[in-house]
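# Pasting the sequence and the predicted coordinates here, then a few questions.
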Amino acid sequence: MPAYPVFACQPASLAPARAALLAQLPGCLGQHQKGLILLAAGEVWQNIIRHGAAGGSPESCFGFRLKQHKSRQTTRLWLTSWDSNPACDPASWPTPLPGSAGGFGLLLIRRIASQTRYQRCAGLNIAVLVFQPDNL
């Protein structure tokens with residue numbers, strides 16, 4: 001997927017990745033909607049860096065693609081994030097217990113996105129988030 005933005009799996013890549021996504025978000029979205037989409041995307045990318053890259057090589061990277069689908073009734077945004085780390089299915093992670101210090105990123109992502117999907121394909125982890133801006 002080289003035609004799309006690609007970033008090193010390092011914490012310093014989060015700000016440039018968010019800026020790249022913000023530049024691609026439709027101008028018709030409000031600041032609140034954009035903020036929620038950036039929050040969910042940031043959580044996905046943070047998980048890629050913290051969990052996936054821990055077992056990956058120094059050359060590990062991640063990227064994304066944003067697509068907009070409009071119909072008469074609604075607009076949907078499809079954010080596809082991918083990384084080159086070892087397989088890491090977030091659905092297999094335990095649900096955090098009340099009072100625990102972490103692990104709430106997936107819950108947050110699922111609250112913001114109307115749909116979430118993960119698959120492993122061609123050596124890549126692929127996470128798809130679907131947003132319905134009218135519902136944010």
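Perfect, thanks for sending it.

# CA atoms for contacts and neighbours, from now on please.
OK.

# Would you confirm that residue 89 contacts residue 118?
Yes - assessed by C-alpha atoms under 8 Å, residue 89 is found in contact with residue 118 at 6.8 Å.

# Distance from the chain centre to stretch 26-35, please.
17 Å (C-alpha atoms, centre = their mean, to the nearest Å).

# send the alpha carbons of it over as PDB?
Extracted in PDB, the C-alpha atoms of stretch 26-35 (Å, rounded to 0.1, in the frame of the first residue of the first chain):
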ATOM      1  CA  PRO A  26     -14.100  15.900   4.800                       C
ATOM      2  CA  GLY A  27     -14.500  19.600   5.400                       C
ATOM      3  CA  CYS A  28     -18.200  19.200   6.100                       C
ATOM      4  CA  LEU A  29     -17.400  17.500   9.400                       C
ATOM      5  CA  GLY A  30     -17.600  19.500  12.600                       C
ATOM      6  CA  GLN A  31     -14.700  19.700  15.100                       C
ATOM      7  CA  HIS A  32     -16.400  17.300  17.500                       C
ATOM      8  CA  GLN A  33     -16.800  14.700  14.700                       C
ATOM      9  CA  LYS A  34     -13.200  15.100  13.600                       C
ATOM     10  CA  GLY A  35     -12.000  14.900  17.100                       C
END
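
# Check the average confidence over it, would you?
On average, the pLDDT along stretch 26-35 is 93.

# before we move on, back to that, for residue 89 and residue 118, list the residues in contact with both.
residue 125 (C-alpha atoms under 8 Å, 6 or more residues apart in numbering).
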